[in-house]
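Chemist: I would like to see how this sequence folds:
(one chain, ligands or ions: 2)
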Amino acid sequence: MEHGVLGSRCATGAGQILRTKSRAATSCGKRTSTSVASSTKHDVKPLQLAANGSSRLPNTSPLLKKRRNLSVRSSSAHVVTTFDDAKGVSSSVAEEKIGVLLLNLGGPETLDDVQPFLFNLFADPDIIRLPRLFRFLQRPLAKLISTFRAPKSKEGYASIGGGSPLRKITDEQANALKIALEKKNLHANIYVGMRYWYPFTEEAIDQIKKDKITKLVVLPLYPQYSISTSGSSIRVLQDIVKEDSYFAGLPISIIESWYQRDGYVKSMADLIQKELSAFSNPEEVMIFFSAHGVPLTYVEDAGDPYRDQMEDCIALIMGELRTRGILNSHTLAYQSRVGPVQWLKPYTDEVLVELGQKGVKSLLAVPVSFVSEHIETLEEIDMEYKELALESGIKNWGRVPALGCTSSFISDLADAVVEALPAASALVTRKPEDTDSDLDLMHYLTKVFFGSILAFILLLSPRLISAFRNTLL
Ligand SMILES: C=CC1=C(C)c2cc3[nH]c(cc4nc(cc5[nH]c(cc1n2)c(C)c5CCC(=O)O)C(CCC(=O)O)=C4C)c(C)c3C=C
Ligand SMILES: [Fe+2]
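Modeler: Numbers count the residues shown, from 1 in each chain. Ligands and ions are numbered 1, 2, ... in the order given. Next comes the predicted model:
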């Protein structure tokens, strides 16, 4: 299933690479979560990674001078307390109450949810990046695009059972993480905050406050950082921290990306190794990593580290496979693009056709940008790409499942949380600065010019609207 987007100016960020060891196992279970309306406001730079893989902003960073950002106060001592459940009932004498906030994208649970879900997605200024002057068009544009996009999206969700499995899987991962943390003697409340659908991040935040959590680890469930995913979710959190005195004083540690952790890399290698063995000639199979794309401007103009992290991630997984004597060829391509702008290349659908033409006969598809099954694995890869691959001459097709609640993976996430805790620091907001002031005047005027044309095309011309609609579908 393809996506629609318009590219423009973005925040930037990158982080230091950290490697840690994976440990023991756990299993999935059940938990409940809550809901609330969403809101978005400002652009903020992503946080830098601290040496332990959690993120903090050194208040000396020159990047901070350009935008409203967060700086870090010293953290309080790490005291572990026991909790019985997500309602925050403490069974400890100590005051420390640890919370872990899992950030995820969210997905429509029914077909009626699809259009409002898409509206929330396209109303995100990290998804459709309009020049500041045209921000007032964000919501009308989101309404327009979500309305046009909804029928096709609904078809996709209908084909995977009428809704997204994301909430259920994320809840299972949350419960599995709680159990894994308990095995490591860390008792914590786990919260799920979705960016575009229930339970929204804002409600998780509300609950964290009600539960009087005293230290929070934030873990986006995206292995690699992108402005459009972890960046957007963290920005929502930053906006809340800025407005709320409780959160402004709460020690928080944000794990921005974790694809580089040994536990993740080894868990992915395990899944690939297992699926390879299902082929009759495993050594002849090409390993086909398919990552979710982002518009090229994110990476090239806005400094999104997503492509670099993705390539690094693939190199680490392949390195791990090589140490196991698995020497298969591999390739990386990007899926789920849409609209008139260029996305990261090569495109999955084009590469599949090329590989078929080149005579590749066996392919193992590996979704690598997300850790749950979702519409793009269940519909786009399993249905659309499989069909395309077979039509293109590929005879043997396999697909690696998403990590889900794989025990080694969840255990490693638990390690990441434990390691991030000591870095938790109160976040302090700085006064916003005008980020456009350093833009070259011509660059700005060009944006205004093209923005006006875009606004005209989208809002005034019925014929072009219908052409636009055809592109989205
Ligand atoms: C790392 C993962 C993802 C990136 C990067 C990403 C960027 C991105 N996505 C869109 C547009 C859409 N995304 C949609 C759904 C969706 N996207 C991801 C992951 C990433 N997106 C997930 C996990 C999901 C949820 C799937 C589910 O099961 O519900 C959709 C809706 C589905 C559809 O109509 O295709 C859209 C639209 C953009 C524009 C973008 C980067 C700018
Ligand atoms: Fe997406």
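Chemist: list the contacts of the residue of the chain at minimum distance from ligand 1.
Modeler: Across the chain, the shortest distance to ligand 1 (C-beta to the nearest ligand atom) belongs to Gly107, at 2.5 Å. Placement of C-beta: from N, CA and C, glycine included. Neighbour list for Gly107: 117, 163-167, 196-197, 374-375 [criterion: C-beta atoms under 8 Å, 6 or more residues apart in numbering].
Chemist: let's have those in a markdown table, adding distance to Ser392 and pLDDT.
Modeler: Output for the contacts of Gly107, formatted as a markdown table (distance: C-beta to C-beta, whole Å; pLDDT from 0 to 100):
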| residue | distance to Ser392 | pLDDT |
| --- | --- | --- |
| Phe117 | 32 | 98 |
| Gly163 | 31 | 98 |
| Ser164 | 29 | 98 |
| Pro165 | 28 | 98 |
| Leu166 | 30 | 98 |
| Arg167 | 35 | 98 |
| Tyr196 | 33 | 98 |
| Trp197 | 35 | 98 |
| His374 | 24 | 97 |
| Ile375 | 23 | 96 |
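Chemist: out of the residues you listed, which touch ligand 1?
Modeler: Contacts with ligand 1 within the contacts of Gly107, counted by C-beta under 6 Å from any ligand atom: 164, 166, 374-375.
Chemist: please verify my assumption that Asp415 contacts Leu181.
Modeler: No. Counting by C-beta atoms under 8 Å, Asp415 stays clear of Leu181, with 9.5 Å between them.
Chemist: among the ones next to ligand 1 among the contacts of Gly107, which are in helices?
Modeler: 166, 375 (DSSP state H).
Chemist: now, which of the ones next to ligand 1 among the contacts of Gly107 sits nearest Glu95?
Modeler: Minimum distance to Glu95 across the ones next to ligand 1 among the contacts of Gly107 is 34.6 Å, recorded for Leu166 (C-beta to C-beta).
Chemist: what's the neighbour count on the closest one?
Modeler: Neighbours of Leu166 under the rule other C-beta atoms under 10 Å: 24.
Chemist: pull the contacting residues for it.
Modeler: Here Leu166 is in contact with 104-107, 194, 372, 374 (C-beta under 8 Å, 6+ apart).
Chemist: what does Pro165 give?
Modeler: Taking C-beta under 8 Å, 6+ apart as the test, what Pro165 contacts is 107, 372-374, 378.
Chemist: which of those ranks first by neighbour count?
Modeler: Gly107 (26 neighbours).
Chemist: which residue packs closest to it, ignoring adjacent ones?
Modeler: Spatial nearest neighbour of Gly107, chain neighbours left out: Ser164 (2.5 Å); criterion: C-beta to C-beta, 6 or more residues apart in numbering.
Chemist: phi first, then psi, for the one you found.
Modeler: phi -80, psi 140 (degrees, to the nearest 10).
Chemist: please, which helix or strand holds Ser334?
Modeler: One thing to correct before we go on: residue 334 is Tyr, not Ser. Element membership for Tyr334, per DSSP states H and E: strand 330-335.
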